[in-house]
Structure formats: C-alpha cells, structure tokens
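Peer 1: I'd like to go over a predicted model; first the sequence, then the structure.
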Amino acid sequence: MTTTREQGSDERVRHVLEFPGGYTRSTGPVIGRFLTGLRDGRLFGVRMPDGKVLVPPTEYDPRTAAALGTADDDWVEVGPAGTVTTWTWIAEPRADHPLDRPFAWALIQPDGADTALLHAVDAGEREAMATGMRVHPTWRADRTGSIKDIAYFAPGDGPAEVPPSETDLEPVSMLTVPSRLEYRLRGGTVWNRFIDGMAVGQIRGTRCSTCGKVYVPPRGVCPADGLPATEWVDLPDTGVLTTFAVNNVPAAGAPEVPFVCGYVLLDGADIAMLVLISDVSWQEVRLGTRVKAVWVPEEERTRSVKNLKWFAPTGEPDVPFERYEEYV
Amino acid sequence: MGNRCAVIGVGQTQYRAKRTDVSLAGLVREAALRALDDAGLTFADIDSVVLGKAPDMFEGVATPELYLADALGAAGKPMMRVHTAGSVGGSTALVGASQVQAGVHDRVLVVAFEKQSESNATWALSTHSPFSASLVVGAGGYFAPYIRAYIRRSGAPGNIGMMVAVKDRLNALRNPYAHLKIPDIDLAMVEKSMMLWDPIRYLETCPSSDGAVAMVLGSERAAAAATAVTGRRPAWVHGAAMRSEPMGMAGRDSVDPRAGRDCAADVYRQAGVTEPRRQFAAAETYVPFSWYEPMWLENLGFADKGAGWKLTESGATAFDGDIPWNPSGGVLSSNPIGASGMIRFAEAAQQVRGQAGEHQVAAAADGAGLALGHAYGGGSQFFAMWAVGAAKP
C-alpha cells in the first residue's frame, strides 16, 4: 500500500491497494485442465449431462450444481475457430487491454461448443465486425496456461497457427493474478480542519452537543448519538497512556520493529487516540505513563499527521489505573 | 423466535495452510456436499443459499458470491451474502436460521469460507486508510492492547494465555479437520515462541487457514424427514441473537464489550439459561488469541467480572473439565477467518447431535444438553451466538 498526497485546495489522497507479488488462484482440476490446454495451444470444453459442451468449463453444471469434468470422457476439444455471437467495439483501448489498437470484445462460440467465451477480436475497424462472423485464435509463442495465451481472435476460419511451446511441463494448477486498486480519497471537512491544526502543531477534536463527549481525532457525527458534532475543541498535546502493545511484526508503512503503539487519552478528551510511543525503550513502557507529543521542527512542518512524530514520557508520576480504566 | 429451526446437516473441509488442490468453488462445494450428504439431501432439495466470508481483500475476488452461486446450486433460488468481519460465519448461520424461523423456507444451505493462502491475512488487515497512521499490524496488533488492559484489570497471572494455547491445541489432536496438530505442545514451548505483539506470543495466536464449512438448516418438517433418512438427530436452535456496536465510541468498554453481554443475555433468555456454566455442556467460542478465553468467559457470563482466568486456571474449560470450551481445538487451531464463526456454530451443533467424534463431550450428547456457538468480529464490535440442544425447544 502506498499513499501520495496531492497538493492544492481540493486535496485528494492517492490510496493504492496492491498485494505484493499478486494474488494467487489455485485453479482446481477443471479450470487447471482448461488452462493446460491453452498452454498446449488447444481449446477444451466439458460435456454437461444433457450433452451440451460448456466452454470455458466449470467444475459444476451451472443449472444443477452437479459435478462436471470428473471423467476423461467428459472432455471435448473444440474450435479453434468459432462464431461471434455478440460484440462491442473499443475505439480507445486502455493500458490494460489486450490490444493497443481499436478492437472488439466479443462472445465467441468455438465450433463444437454450446456456449461462448469472451475474448478480443482484432478486426481493424468497426465495420469489419458482425454478429455471426467467423474468427480463429492467434496463439502466443510464450504460452503459460492463461486465457492470454490467445493473444486475440482474428477474422476468418484460420488456420490457427500454434507456435511450438515447451513440453513435459506439470499441469497448470496455480495462477498469479496481479491486481491493483487505486483510489483518490477526499478527507472531508472534518479531516481538513483537523489536518489544518496539525499543520500548526495543534490537536483538534470535536464535542458532541448531546452527550458532551470530546472526540479526537474529530468525528463529524457522534457515534453514540448519531448527531452532527459541530463544536471544535483545541486539546493539549499531553495525556496518559491507557494501554499499549509492543509490535514485533514488520509491515510496509509501519514503523521499524520493535515499536510501541499505544492509546493515549489526551487531557480533556473522552476517547483514547492510537499513537506511536517513543523516546523510551519498549521494556520501560508502563500503563498510566504521562506522555507529551513530540512534533517535527516548525520549519519542517507540512499539512500532515506526520507532523506529530510520536508521544514520549514526560517523567511526571504515573496516573493510577482507576482514573483512566473506563477509557480503555 | 418464530418457527422451530434445526441443524440437519454439517460439512467441513480439512483446514490447512494451503488448499492448493481446489479452487474457491471446489472448496465451498466440498463443505456443501458433505453437509447435504449428512442431511441425506442434494442441492435440488435446498430452498435458499446464504454465503458468508470475511473481507474480499483476502482472496482479491470482489463479491465472490456472484460466481459461487452456481457452484452452490443456487440457480433459480434466493442467494445472499453476509459480511460482519470475523463473526460472519455466525451471522451467516443466523441469517439462514431466520429464513426457517420466519417460515419462509424449509431447507436453507448456509456456507462460509476463507482461502487465506491466496494472499496474506496480516497484509489484508493492515491496508490502512491514508487518513490514519499505520500503527496496527494485523489483528494481533489491534487486540494486544486490550489483552494487556484485561490482564491489568483482572490481575491474571501471565501464564493463563499459555494455558489456553496448550489446551486448545491438545483438543485439536482429537479433531480430524483441525489445521494445527502439535502433539508435544506444552507451556514451555508456548513460552519460548516468539513474542509477536507483546503480550501475544506466536503460539498464542490463531493460524491462517484455508477452509469452508456448511450446514443445512431445516424446519421441523425437514428435520423429521432428515432423521428418518439418516438416523442422525438434529440440533435444535434454542436461542439466537446478533448485536453490534461502534468500534470507536467514548465510554465503550473494548475489553468487555456491551454488545457481547447483550447478545449473550438475549440468547440465554430465549433458551432459558440462567447459569451458563452449569446449563451448557460445551461451548465453541471465538478465541483467536488465547487470552480471549478468560475475557469471553466473563463477557458471556460463565464467570464473574475479573474471574474468567480463574476458571481457565482451574481446568474447568479443559476437555475433561465441567464446562469444556472449544473441544474442537477452536480458532487457535483452525482459522479460515470467514468460516471460523460458522465452525463454532457447527461444532456446537455436532456436540448436541452426538456427532463430534473423538472430541465429543459426553455430557453434551445425553439428549438434554445445550451447547453454545459464539463468534465475534471487527474490533470486538460484531457478535453472533446461538444455543443449540438435542431436545426440541
């Protein structure tokens, strides 16, 4: 996960979710056999109880959930040529699309199959596409056992050339599927006011007009009463450590281990805030320790929560457990 | 509570670190087909399917219920997906039960799963909003401070968590489906294991598992028909409830959440339970970190506030104790997160059906006993529970 802050008045924060290395997909025997076929430059379907041939195959009859493809006799080689049953034209391909020139997404029913699979057709121009047109696969040379082993379908019956590939490989049983979600998030008015405070070294909270509880970080709506919290409160940057954990599990974006994350009840707040505890060895951190915020030097401050580096013990006497127990 | 509802079939997969031999569809079908077989039914007999799993980030398959509908025989039938974080397995069972209790359906298939090997659970649970600091790493990072607060509040000795870790792993040796099998587990081994999120050691945490569980829930008519075919008795739902509360609310007790207490009180009222420790013969509770056993013993009313750890220390919750907790080995031994709650519910049902095999608690199978199934999720903010018994409520 990475985040980058965009500058400007309508500030948005880029938020990327991407599992390092990509998600895996164990294929199971049926999808695995289909993908192994693709790697060999062959298209396979599976016969359903009514004799119809399903391509791509599934492990189960989509209507009855009965198991499919468990016997070798259930498998049928289809195509490779087929017929377009419907299509849509992509005039401006995107970066992730299979072709960098205009193409069609089409449902293609391979000869001998009773269902269609989705793939790209490289027809050159929209006018060349038609429902009912004949197409054949253009196989890649570097096939890995993926639907992308077919680069695209081309107009006409073929022949579909199959460039030779490596043989004597294990059947396909696993895929790696990189996926990336990228969001641009707005913090909203409450967040912006909070972060404006952080820019000048001031922690701000909100007070609920009904229950009077002070929330920090601030809340636009009181979680107990469900009403807008409209009153802003400037809070001191001192408080008591109500509980904590010593983290020895490393993670991207988190502080170097071991680090202490703790809940600090700021003086005047009604809910403890999760913060980093530092300037003290982890063995010496105690419940009830009085702490104070450590800020980055004024000249280095930005409009960021990172202005507040961590909380450190003040050296004042510990607060008795009974005085903060209800805030744990 | 509406019409009577019974568990008439239970199916579990083997729980393992990686089930590379099956697809997601193959995994859920394995559990579903076993549950149907246990009930003497096929997919064609099912009226409605309810599917549960934890966040989609675990497998990176968005809204997997859409693709799994066909795999679970839901064509032409109602199908819905439930999500309440870690408690989802329990909530899924209760949504299915409500369809029977409301008289809408006779036979409902409930299924829950997780295939955590497709990514990494700690990563998937640590994708922080850019508006907060990245200080919580994984579920253990979230729960460790509350465990520390519990220890401080109750004055529990430091070895209680280790005792639970050993007890549940010994129980797992009796359970053929359990993921972790550590025959030589003892306190010394737990103590020597790495401190991950102080005060939580490695062997005091749950594993990361692939697996699925399914149940067939039936009406009174369906239960009678199933028993006539299979000879196996159903587990009747005597009480069922869900509760939730905000995670960050001023005055909230995160160690002993009110939602958990209220949920238990509701279930006990329906089931006529006034003394849970005496009236339940066994409990399957959601204990992903060992210290949550004493914490939930108090939250669920099996012990007074501050005294949960004494029950654990006395051996009362062990397999041969007077109130065995997690005879299956629990979440500490098998944790396909989305399924873990339903596994608790299913194991409770198996106990009162007398179908728990080597981890059968004798008192639960005597035809009169009650068992508790419990799940929690999120930041201890979602709770789902049921009380099941062999006798008709």
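Peer 2: It's in. Numbering: from 1, shown residues only, chains lettered A, B, ... in the order given.

Peer 1: Low-confidence ranges, the chain, go.
Peer 2: Defaulting to chain A. Counting by pLDDT under 70, chain A contains low-confidence residues at A:1-10.

Peer 1: Not quite, go with chain B.
Peer 2: Per-residue confidence for chain B (pLDDT under 70) gives these ranges: B:1, B:133.

Peer 1: For it, which residue occupies the most central location?
Peer 2: Among the residues of chain B, B:Gly341 comes closest to the average C-alpha position under CA atoms, centre = their mean, at 2.6 Å.

Peer 1: Does that residue belong to a helix, a strand or coil?
Peer 2: Three states are possible here, and by DSSP: H, G, I helix; E, B strand; the rest coil the one that applies to B:Gly341 is helix.

Peer 1: Distance-wise, check it relative to B:Ala348.
Peer 2: Counting by CB to CB, to the nearest Å, the separation of B:Gly341 from B:Ala348 is 11 Å. C-beta coordinates here come from the backbone N, C-alpha and C atoms, glycine included.

Peer 1: try A:Val275
Peer 2: When CB to CB is applied, the distance between A:Val275 and B:Ala348 equals 40 Å.

Peer 1: which of the two has more neighbours?
Peer 2: Taking neighbours as other CB atoms under 10 Å in any protein chain shown, A:Val275 and B:Ala348 compare with B:Ala348 leading, 32 against 23.

Peer 1: My reading is that the more buried one is in a strand; is that accurate?
Peer 2: No - according to three-state DSSP, B:Ala348 belongs to no strand; its state is helix.

Peer 1: residue contacts, it?
Peer 2: Counting by CB atoms under 8 Å, 6 or more residues apart in numbering or on different chains, B:Ala348 touches B:Ala235, B:Ala282, B:Ala283, B:Glu284, B:Ala371, B:Leu372, B:Gly373, B:Trp386, B:Val388.

Peer 1: what's the answer for B:Gly90, then?
Peer 2: The neighbours of B:Gly90, taking CB under 8 Å, 6+ apart as the test, are B:84, B:242, B:286, B:341-342, B:344-345, B:373-375, B:384-386.

Peer 1: What of B:Leu27?
Peer 2: Taking CB under 8 Å, 6+ apart as the contact definition, B:Leu27 lies against B:Thr13, B:Arg19, B:Phe113, B:Lys115, B:Asp210, B:Gly211, B:Ala212.

Peer 1: Report whether the expected contact of the fifth one with B:Asp21 is present.
Peer 2: No - no contact is recorded between B:Asp210 and B:Asp21 when judged using CB atoms under 8 Å, the distance being 10.0 Å.

Peer 1: quick one: which of those two has more around it?
Peer 2: B:Asp210 (28 against 17).

Peer 1: SS state for the closest residue to the more buried one other than its chain neighbours?
Peer 2: By the measure of CB to CB, 6 or more residues apart in numbering or on different chains, the closest residue to B:Asp210 outside its immediate chain neighbours is B:Arg19, 4.0 Å from it. The three-state label given to B:Arg19 by three-state DSSP is coil.

Peer 1: For the stretch 201-350 of chain B, which segments count as helices?
Peer 2: B:220-230, B:258-271, B:276-279, B:292-299, B:308-314, B:337-353 (DSSP state H, counting those that start in this stretch).

Peer 1: gap between the shortest one and the chain center?
Peer 2: When you say that, I think you mean helix B:276-279. Relative to its parent chain, helix B:276-279 has a centroid offset of 19 Å by CA atoms, centre = their mean, to the nearest Å.

Peer 1: For that helix, buried residues please.
Peer 2: For helix B:276-279, burial by neighbour count (16 or more other CB atoms under 10 Å in any protein chain shown) applies to B:Pro276, B:Arg277, B:Gln279.

Peer 1: Among the residues you listed, find me the one that's closest to chain A.
Peer 2: Of all the buried residues of helix B:276-279, chain A sits closest to B:Pro276, with 24.9 Å by CB to the nearest CB.

Peer 1: Show me chain B divided up by domain.
Peer 2: Here the domain assignment for chain B is B:6-118+B:208-230, B:138-207+B:241-389, based on automatic domain parsing.

Peer 1: Quick one: closest of those to A:Thr289.
Peer 2: Comparison of the domains of chain B against A:Thr289 by CB to CB identifies domain B:138-207+B:241-389 as nearest, at 12.9 Å.

Peer 1: just to revisit the earlier point, return the member of the contacts of B:Leu27 nearest to chain A.
Peer 2: Using CB to the nearest CB, B:Arg19 comes nearest to chain A of these, at 6.8 Å.

Peer 1: correct me, but the closest one touches A:Ser26?
Peer 2: Yes - using CB under 8 Å, B:Arg19 and A:Ser26 qualify as a contacting pair, with a distance of 6.8 Å.

Peer 1: residues shared between the contacts of those two?
Peer 2: Jointly contacting B:Arg19 and A:Ser26 under the rule CB under 8 Å, 6+ apart are B:Lys115, B:Ser117.

Peer 1: The stretch 151-300 of chain A: strands as residue ranges?
Peer 2: Ranges of strands within the stretch 151-300 of chain A are A:174-177, A:181-186, A:203-207, A:214-215, A:231-235, A:238-247, A:259-266, A:273-277, A:290-295, based on DSSP state E, counting those that start in this stretch.

Peer 1: what's the answer for chain B, then?
Peer 2: Taking DSSP state E to define them, one finds strands in chain B at B:6-12, B:48-52, B:79-82, B:107-115, B:195-198, B:200-201, B:210-218, B:235-244, B:280-284, B:370-377, B:382-389.

Peer 1: just checking, A:Arg33 touches A:Glu77?
Peer 2: No - under the criterion of CB under 8 Å, A:Arg33 lies out of contact with A:Glu77, with a separation of 11.6 Å.

Peer 1: Settle it for me: which of these two has more neighbours?
Peer 2: A:Arg33 (19 against 13).

Peer 1: what does the stretch 251-393 of chain B have sitting close to chain A?
Peer 2: B:Gly251, B:Asp253, B:Ser254, B:Val255 (CB under 8 Å from any CB of the partner chain).

Peer 1: let's go with 7 Å and repeat that
Peer 2: Among all residues of the stretch 251-393 of chain B, those adjacent to chain A (criterion: CB under 7 Å from any CB of the partner chain) are B:Gly251, B:Ser254, B:Val255.

Peer 1: Type out the ChimeraX command that picks the buried ones from those residues.
Peer 2: One line in ChimeraX is enough to select the buried ones among these; burial here means 16+ other CB under 10 Å:
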select /B:254,255
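
Peer 1: Let's test this: what are the backbone torsions at A:Val296?
Peer 2: As for A:Val296, its main-chain torsions (degrees, to the nearest 10) stand at phi -70, psi 150.

Peer 1: residue contacts, it?
Peer 2: When the contact criterion is CB atoms under 7 Å, 6 or more residues apart in numbering or on different chains, the partners of A:Val296 are A:Asn307, A:Lys309.

Peer 1: From chain B, how far out is it?
Peer 2: 14 Å (CB to the nearest CB, to the nearest Å).
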